[in-house]
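Novice: I would like the atomic coordinates for the input below:
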Amino acid sequence: MKTLARLTLFAALALGCGREEPPARLPSSATAEPAEARNAAAAENAGVREVPARPARPAAPADIPAPPDVAAPPADAERTESGLASRVLEAGTGDRHPGPRDGVTVHYSGWRAENGELFDSSVRRGRPASFTLDRVIPGWTEGLQLMVEGEKRRLWIPAALAYEGRPGPQGMLVFDVELLSVNAAPETPDNVSAPPRNAERTASGLASIVLEEGEGDRHPAATDTVRVHYSGWRAEDGELFDSSRSRGEPASFRLDRVIAGWTEGVQLMVVGEKRRFWIPAALAYEGRPRGPQGMLVFDVELLGIGAVQ
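Specialist: Purely as a prediction, here's the structure:
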């Protein structure tokens, strides 16, 4: 397993800053990792001493030649006002286009238009990549929204929509992308701005309501590792800042390695329960350089509990 620098508490909790999405905002072999690698990294950074080994990778092609039209888009390519050009290689089977906050799972290969150099490919690695469209380069954010599930499309992304002025491959980039699936971003709750009158409240200021009853009677302890699905919004403006549901995979971490509002709140839950939390700033990221500020609202589903030895 790669040795990763320890994430901030926000990253360990929300997996949304500096995890599977590219630091340089592009799917790449060093960033848009497969689900097993992301979950292992999250567990490692959350303090879990042992994580499952990755399953063996299926055979993948040793090399992927550049398309014959890699140097420039053909005359019949679709073009947008931003300068993005694309061509459908294979029609999709669905009719829904992802939105800018949705999560997608894709297979892709990327070449530099200047010389046809292959600089990254999930196909060559033998595993698709998953990420949310607001965490990648603008050319991907725009281009993937043109697609439907099952579609294969070639994108010619001008430098201004890629890495111009930033680390990463320079110049126009060409990607062949297959959209495998779309995970819709959750809608903002109607009561995101403040907890309702019937919310449970603790002495610390944490408020919550049960959205769906759980199945058991065991509550996790602070030293337990929990497996959850979650979505988080800023109470001030309802902005969705992270969601495991958009990524299409749950997160695992130890409760004493995350923000205080999570450590306290998730201990109120039992497996199978869904709960909405209003976490005041003092129990979240107040005074910390990274992480969303102000009161935060999380919808959490507790999927499982596992004690750390």
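Novice: now the strands for the stretch 201-309 of the chain?
Specialist: Counting by DSSP state E, counting those that start in this stretch, the stretch 201-309 of the chain forms strands over residues 207-212, 224-234, 240-243, 251-254, 274-279, 296-307, given from the N-terminal end onward.
Novice: mind checking what secondary structure Thr141 has?
Specialist: For Thr141, the secondary-structure state derived from DSSP: H, G, I helix; E, B strand; the rest coil is helix.
Novice: count of residues packed around it?
Specialist: Using other Cβ atoms under 10 Å, the number of residues around Thr141 comes to 17. C-beta coordinates here come from the backbone N, C-alpha and C atoms, glycine included.
Novice: what's near enough to touch the closest residue in space to it that isn't next to it in sequence?
Specialist: Ranked by Cβ to Cβ, 6 or more residues apart in numbering and with sequence neighbours excluded, the top spatial neighbour of Thr141 is Leu133, at 4.9 Å. Residues in contact with Leu133 (Cβ atoms under 8 Å, 6 or more residues apart in numbering) are 98-104, 140-141, 144-145.
Novice: check His229 too.
Specialist: His229 touches 244-245, 250-251, 300-301, 303, counting by Cβ under 8 Å, 6+ apart.
Novice: cutoff 10 Å now
Specialist: 186, 243-245, 247-251, 274, 299-303 (Cβ atoms under 10 Å, 6 or more residues apart in numbering).
Novice: same thing with Val88?
Specialist: If you count contacts by Cβ under 10 Å, 6+ apart, Val88 has them with 77-78, 146-147, 151-154.
Novice: try Ala184
Specialist: When contacts are taken as Cβ under 10 Å, 6+ apart, Ala184 is in contact with 96, 98-99, 101-103, 243, 245-246, 248.
Novice: farthest pair within the residues you listed?
Specialist: By the measure Cβ to Cβ, Arg96 and Ser243 form the most distant pair in the contacts of Ala184, at 17.8 Å.
Novice: the more surrounded of these two?
Specialist: For Arg96 and Ser243, the more surrounded residue by other Cβ under 10 Å is Ser243, and the numbers stand at 26 against 12.
Novice: test my guess that that one contacts Asp299.
Specialist: Yes - here Ser243 reaches Asp299: they are 8.9 Å apart, a contact under Cβ atoms under 10 Å.
Novice: overlap of the contact sets of those two?
Specialist: In the contact map built from Cβ under 10 Å, 6+ apart, the residues linked to both Ser243 and Asp299 are 186, 229-233.
Novice: filter these down to just the buried residues.
Specialist: Of the members of these, the ones counted as buried by neighbours, 16 or more other Cβ atoms under 10 Å, are 186, 229-233.
Novice: what's the closest non-adjacent residue to Pro169?
Specialist: Among residues not flanking Pro169 along the chain, Phe119 sits closest, at 4.9 Å (Cβ to Cβ, 6+ apart).
Novice: just checking, what packs against the helix or strand that contains that neighbour?
Specialist: Counting by DSSP states H and E, the element that carries Phe119 is strand 118-121. Taking 3 or more Cβ pairs under 10 Å, 6 or more residues apart in numbering; DSSP states H and E as contact, the helices and strands that strand 118-121 lies on are strand 103-112, strand 173-183.
Novice: hmm, 8 Å instead?
Specialist: Contact partners of strand 118-121 among helices and strands, from 3 or more Cβ pairs under 8 Å, 6 or more residues apart in numbering; DSSP states H and E: strand 103-112.
Novice: what pairs with the strand it packs on, parallel or antiparallel?
Specialist: Next to strand 103-112 in the sheet, as set by DSSP bridges, lie strand 118-121 (antiparallel), strand 129-132 (antiparallel), strand 173-183 (antiparallel).
Novice: so which of those gets nearest His219?
Specialist: Proximity to His219, assessed across the strands paired with strand 103-112 by Cβ to Cβ, is greatest for strand 173-183 (29.0 Å).
Novice: just the CA trace of the closest one, in CSV.
Specialist: As requested, the backbone C-alpha atoms of strand 173-183 are provided in CSV (Å, rounded to 0.1, in the frame of the first residue of the first chain):
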residue,chain,number,x,y,z
LEU,A,173,-5.2,16.9,-23.8
VAL,A,174,-7.3,14.2,-25.4
PHE,A,175,-9.3,11.7,-23.4
ASP,A,176,-11.3,8.6,-24.4
VAL,A,177,-13.9,8.3,-21.6
GLU,A,178,-16.5,5.6,-21.0
LEU,A,179,-19.2,6.6,-18.5
LEU,A,180,-20.0,3.5,-16.5
SER,A,181,-22.4,4.9,-13.9
VAL,A,182,-23.7,8.1,-12.3
ASN,A,183,-24.4,8.6,-8.6
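Novice: what average pLDDT does it get?
Specialist: On average, the pLDDT along strand 173-183 is 95.
Novice: in that strand, what's buried?
Specialist: Of the residues in strand 173-183, those with enough neighbours to count as buried (16+ other Cβ under 10 Å) are 173-179, 182-183.
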